[in-house]
Structures are given as C-alpha cells and as structure tokens.
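[1] What follows is a predicted structure for the sequence shown.
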Amino acid sequence: MTRREGFGSLAVCAGWAAAVVALAAAAGALGISRNDDWVYYRVAFATWQDGGFAPDPYTRAMLVGHIALARPLMALFGPSMLALQLLVTVLSVLALWWTYLLVRGFLRPGLALLAVATLALGPIYAGITPTFMTDVPTFAFQSLALLLAARALRERRVSRPWLATALVAAFAGFTVREYAAAAAAAIVAAAWWRVRPGTSSPADPETDAVTSRSDRWFVVALGIGWLAVAAALYLWRTSSFPGPNVGLRLLPDLADVHLAGRAAYTLALLVSPATIYVLFRGRGRLLARHRRVTVVSAVVFFGGTQVMNGVFLGNYVGMRGSYTGTVAGVRPVVVTPWVWSLVVAVAVLSAVMAVVLAASAIGRVRARHRAGERAPRHPAAVTLTLTYAAAYVALTVTLAIFTTSPFFDRYFVPVVPAVASAVLWAWQREPSLDGERRPSRAAAWASGVVTGFIALVALSLVVTSVQFDAAKWRLGTQLEARGWSAATIDAGFEWFGFHQEQPIDPHPRVLPGHPFWVSRVFAHPRVCVMVSHTRGVLPMSVGDVVARTSVWAPLGGTFDLVARPVDLDCPT
C-alpha cells in the first residue's frame, strides 16, 4: 500500500466523522448526554472532582481505561461533555483507519473500503461516534492490537516486541470493555499457529524446530501473562466496585435459542453490504452450486422470522429506532412496516449467503485435507482477522446465552468489519468464481441498490436518533429555565440520571406509570414534571401539557414529546 493510499484512507475516515459530528450538531445533539453515557459522565466528572476511580453500581463495563482516557481532557477543559465526545470521535476515526490498514493486507483497495464502509454506513456506528459510549474506544484499541499483531507476524520469525505491544493494546481495550479479551485470544492463537514447525526455516529442519519451539514458548508465556494481569484487574474491579449481579445459566432454554437467532439476524444485517455484494457480483451462481445448503438455510432463516419474538437484538436497530425506552410512554414506529419487511428480507438473504460461503470454504479445506495437501500460509492479517471474528462472536454470544447479562446489537460493532472482510476474502478466493469477477452492469447496479437501501435506512435511524436525543434534552433545558429543579425533571433516561445529586442505588419500587430509571435506579427519586410520548402513559398527570416538541423520522413521519406536571414526592 502506498503512502498516498494510506493518508487518503485516513482523510476519508476523517471526512465521514466530520459529517457525523455536523449532523449531531445541527440537530442539537452535540454536547449533551446520549443513551447510556450519562453513567460514564457521572463517573468521569466525579473522578475529575474527587480523584480516584469510583464507578457506580449501575455500570457493567470495566471502564478503567475509559476514565483514564478522559482524565487528560478534563484536566484541560474541565467536566465538558463536548470534549469527551470529540475524544471518542477521534478514536472512531482511528479505529476505522486502523481497520482499513489491517484488511488492506489481504483485500484489494475497493474491497477493503467496502469492509470498513459496512460498519461506517450502518445503523449503529454513526450513532455512537459523537457520544461518550465505551464501544468505540474498545473497538479502537482492538483494531490497533490486530494491526500491530499483523506487523509482528508478517515475517517467518515472529517479532517479539511487536507482538508484546499488540497484547498491550488489547489489554488497553480490555480496561474499557471486557469483550476486548477476544482480540488478545485471537492474537495468541494466530501467533501460536503461525510459528508451528516448518514455518520459520523450512530449508533447515533442525533450526526450524528450535526456533519454532522457542517462539511458541514465548507466545504461551505472553498469553499466560496477559490472562493473569487481566484476571487480576477484573477481580479488583468486581470486588472493589461491585456492579449489577450477573448470574450463570448452565442449561439454556428456548429464550436463549431465540437470543442466538436474533444475534445471527443482527450480524447478518450489519454485514449485508458485503454479503449482498458477493451475491450479485457472482450473479447467484454460488447459491446454485450449493443449492442444498441454500435451500435448508433459507428455510431455517425465513422460518425463524415467523416464529421469533423480534428478529434483531435491539438497542440501535429496530422499527422504533434506537434506545426506544428512554422516555416514558410508547414511541411510534419510525420505519414504516413495508420498509422494515425489506430490511428483514435483506438480513435473511445475507445470512443465507454467509452460510453458503462458509460451507464452500469448509468444503475446500476438507478437499485439501483428503488430498494430503499442507495448509497454505496466508498473510498474517488474514489469520488474525478470521481468528478474531470467530473468537469475538463466540465469546459474546456464549456470555449472552450462559449469563444473565443483557446483549445488545452495539456489542457487535468491533467485529462487523472483521466478518465483512472474511466474507469478501472467502469470495475473493472462491475458485469457482474465477470467470465471474467482471459481472454484468445489471448485477453491479443491483448490488448498489440493495446496499444503498440499507445505508438509507441506517441514515434515517441515525437522523431520528440525534433528533430524538436533542428533543429530550431541549425540553429538559426549557423546563429548568421555567423554574423546575433539574433533578426533579424526568426529561428521559439521560437527563434524569445525569442530574441526580444522589448516588446510584438500585432500589426497586412500585411506581405505576414511571419508567425504570425513576423506579429502579435511585433510592429516593423525586419528579415534578415528566416528558413522555403522547401515548402509552398512565393518566397520572396533575396538570395540562406545559411543553411540547416534535421529532421527525425520515421513514416514519413526525411524532411529539410532551411535558406534564406530576407529583412523585415533588418538593413544595
């Protein structure tokens, strides 16, 4: 890759981030708390004010590294939401760029760009970039770790300093969110595989054996050391600052099967630009060659949409938009049903294509094994990307099934480019498609139309999200200006949580009509005025509407948010 391409790709990533920030700023959603990040602001600002590290009992993430990143900025700008959001935006740019540099090691420039664009133009990444959420920083550290590991493993002899540095970067990601352990596992596994006997000095078996044994011991020692330090940090974090209780479930039930299914549909939708590209570029011939797998997987995935209670995991991707439950009442549909049916259809088609590609790749491996051929030595970036994709998906889904911890679609953010790259690489290596690299113009247009449709739906969800978040905060600001205390205004999940002066103390109470952040997060909530949707709210108002604002959903019309006086221990 040339220097010009490297800096050009960085400029593209920066331009994308500038557009995302401009969109949030235009809607009024920049410099305000959004989604779960109100919890992280509270911890960060308390750290800036009092020193030390004291997360609250509501926080599940490791968070140590997240707050460490924030401290230098808070030293310069004080407790500024905007400064921390721009910090995450910079990390978002670097994460995309480092990912491009990684996958460019085994994909052509256009395919590498598509792999990164699959995430950037999807429904989640643009929504969490200008926030203080933890998903972007941990993704950035993981992408850096994999890139450094590719540098360490690109020669026949492993570069020990680069490998150690890669694991340090993976550990930095772990200090933000524990899921970054998947990056460390992938690096250790890939390094172990690549230093097997016969790889360092094939022409000199004796030297090769000694070198491979030495390198393998080094990899094992690094892996054990990383695991020990990570375990120590985890035990310190969970014992010193206990978070929500997470139980184990040894026997999965039907609900867990549905959860695994929703995870499959969600990931299939998120990587659909890559799978749809492969489908149309090959003019569907791969599906025809593996018609039995195609039919079975199509029946399974289509049937699943008919029997499951919800197709996607939710949080950011849904008919009602992202973080739907952050204001009292019921949010109306923000994506019309017929459009959403097409979204589900794309997810099903994407899942089928991914299964067929996997079946084809497994068939090639089995044929090579039967022929007694030695496994080819792929570029280090390929080994790392494939191993990471498998490790991350296995780790997150396993934890979701066997623990009581919730599982959201945004947890897939770090792995989307890896899975998309794996799909594109598998297609790039498919020998049966050698004559199909230059498809008809109609096939190229069809691929572009479907990908553009998904990008359009994603943009609509992001636009709705920034407007909704800004509208909630704007109403809270207006109500405070009218004389209500900020702590007694329920202007949604973020406003109410951030403005409470009392510490978080999960203490469930029966408060009909009040949302969970009022009834279950704080021990002594007081509410004098509540923002809500116009339907789905119990008739508990003691007055008329005192404020109203509208939110525009490009694919679902306009809906209103209203504020009414209520009396939940309201100070007189």
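    All right, it came through fine.
[2] use CA for all of it now, contacts and neighbours both
    Will do.
[3] and the longest helix seen in the chain, what does it pack onto?
    If you go by DSSP state H, the chain has its longest helix at helix 441-481. Helices and strands touching helix 441-481, by 3 or more Cα pairs under 8 Å, 6 or more residues apart in numbering; DSSP states H and E, are helix 3-27, helix 125-128, helix 272-281, strand 489-490, helix 493-499, strand 547-553, strand 557-568.
[4] For residue 533, which of those is the nearest?
    For those, proximity to residue 533 was assessed by Cα to Cα; strand 557-568 is nearest, at 4.9 Å.
[5] what pairs with that closest one, and is each one parallel or antiparallel?
    Strand pairing for strand 557-568, using DSSP bridges, gives strand 527-533 (antiparallel), strand 547-553 (antiparallel).
[6] Can you say which of the helices and strands packed on helix 441-481 is packed in most?
    Stretch with highest mean neighbour count among those: strand 489-490 (a mean of 30; mean count of other Cα atoms under 10 Å).
[7] mean confidence for it?
    Per-residue pLDDT over strand 489-490 has a mean of 97.
[8] same deal with stretch 559-572?
    Averaged over stretch 559-572, pLDDT sits at 91.
[9] Which residues belonging to stretch 308-324 are considered buried?
    Buried residues in stretch 308-324, defined by neighbour count with 16 or more other Cα atoms under 10 Å: 311-324.
[10] got the residues you listed as JSON lines, with secondary structure and distance to residue 145 columns?
    As requested, the buried residues of stretch 308-324 are exported to JSON lines (DSSP: H, G, I helix; E, B strand; the rest coil; distance: Cα to Cα, whole Å):
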{"residue": "311", "secondary structure": "coil", "distance to residue 145": "33"}
{"residue": "312", "secondary structure": "coil", "distance to residue 145": "29"}
{"residue": "313", "secondary structure": "coil", "distance to residue 145": "28"}
{"residue": "314", "secondary structure": "coil", "distance to residue 145": "28"}
{"residue": "315", "secondary structure": "coil", "distance to residue 145": "27"}
{"residue": "316", "secondary structure": "coil", "distance to residue 145": "27"}
{"residue": "317", "secondary structure": "coil", "distance to residue 145": "28"}
{"residue": "318", "secondary structure": "coil", "distance to residue 145": "32"}
{"residue": "319", "secondary structure": "coil", "distance to residue 145": "35"}
{"residue": "320", "secondary structure": "coil", "distance to residue 145": "36"}
{"residue": "321", "secondary structure": "coil", "distance to residue 145": "33"}
{"residue": "322", "secondary structure": "coil", "distance to residue 145": "30"}
{"residue": "323", "secondary structure": "coil", "distance to residue 145": "30"}
{"residue": "324", "secondary structure": "helix", "distance to residue 145": "34"}
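[11] Out of these, the closest to residue 395 would be?
    Nearest to residue 395 out of the buried residues of stretch 308-324 is residue 313 (Cα to Cα; 16.3 Å).
[12] what sits against that closest one?
    When contacts are counted by Cα atoms under 8 Å, 6 or more residues apart in numbering, residue 313 touches 259, 262, 263, 266, 407, 408, 409.
[13] before we move on, what about residue 270?
    Residue 270 touches 118, 119, 122, 123, 416, counting by Cα under 8 Å, 6+ apart.
[14] Now render those as CSV, adding neighbour count, distance to residue 357 and secondary structure.
    Converted to CSV, the contacts of residue 270 look like this (neighbours: other Cα atoms under 10 Å; distance: Cα to Cα, whole Å; DSSP: H, G, I helix; E, B strand; the rest coil):
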residue, neighbour count, distance to residue 357, secondary structure
118, 26, 18, helix
119, 24, 20, helix
122, 27, 22, coil
123, 27, 24, coil
416, 25, 17, helix
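[15] Can you pick out the most distant pair from those?
    Distances among the contacts of residue 270 were taken as Cα to Cα; the most separated pair is 123 and 416, at 11.9 Å.
[16] sorry, back to before: out of the contacts of residue 313, which sit inside strands?
    Of the contacts of residue 313, none are assigned to strands by DSSP state E.
[17] which one among these gets closest to residue 328?
    Nearest to residue 328 among the contacts of residue 313, counting by Cα to Cα, is residue 408 at 20.7 Å.
[18] how about that closest one, phi and psi?
    phi -120, psi 160 (degrees, to the nearest 10).
[19] got it, and the one 4 residues further on?
    Main-chain dihedrals, residue 412, degrees, to the nearest 10: phi -80, psi -10.
[20] ok, the one residue sitting closest to the centre of the chain to residue 281 distance?
    The centre of the chain sits closest to residue 413, judged by Cα atoms, centre = their mean, with a distance of 2.3 Å. Distance, residue 413 to residue 281, using Cα to Cα, to the nearest Å: 26 Å.
[21] Quick check: which ranges of the stretch 451-572 of the chain have low pLDDT?
    Low-confidence segments of the stretch 451-572 of the chain (pLDDT under 70): 536-543.
[22] brain fart, the chain
    Across the chain, the ranges flagged by pLDDT under 70 are 196-211, 283, 375, 430-440, 442-443, 536-543.
[23] rewinding a little: please flag which of the contacts of residue 313 sit within helices.
    Those of the contacts of residue 313 mapping onto helices are 259, 262, 263, 266, per DSSP H.
[24] For the third one, grab the count of nearby residues.
    To tie it back to what came earlier, the one meant is residue 263. For residue 263, the neighbour count with other Cα atoms under 10 Å is 24.
[25] One more: the last one?
    Here the number of neighbours of residue 266 (other Cα under 10 Å) works out to 25.
[26] Check the first one too.
    Here the neighbour count serves as a burial measure; for residue 259 (other Cα under 10 Å) it reads 21.
[27] swap in residue 371?
    When neighbours are counted by other Cα under 10 Å, residue 371 registers 9.
[28] go on, residue 49?
    12.
[29] how much space is there between it and residue 56?
    Applying Cα to Cα, the value for residue 49 to residue 56 is 15 Å.
[30] Likewise for residue 43?
    Distance, residue 43 to residue 56, by Cα to Cα: 7 Å.
[31] go on, residue 456?
    Per Cα to Cα, residue 456 is found 38 Å from residue 56.
[32] Then residue 67?
    13 Å.
[33] More neighbours: those two, which one.
    Under the criterion of other Cα under 10 Å, the comparison of residue 67 against residue 56 puts residue 67 first, with 23 against 19.
[34] Skipping adjacent residues, who's closest to that one in space?
    With sequence-adjacent residues excluded and distances taken as Cα to Cα, 6 or more residues apart in numbering, residue 67 is closest to residue 44, at 5.7 Å.
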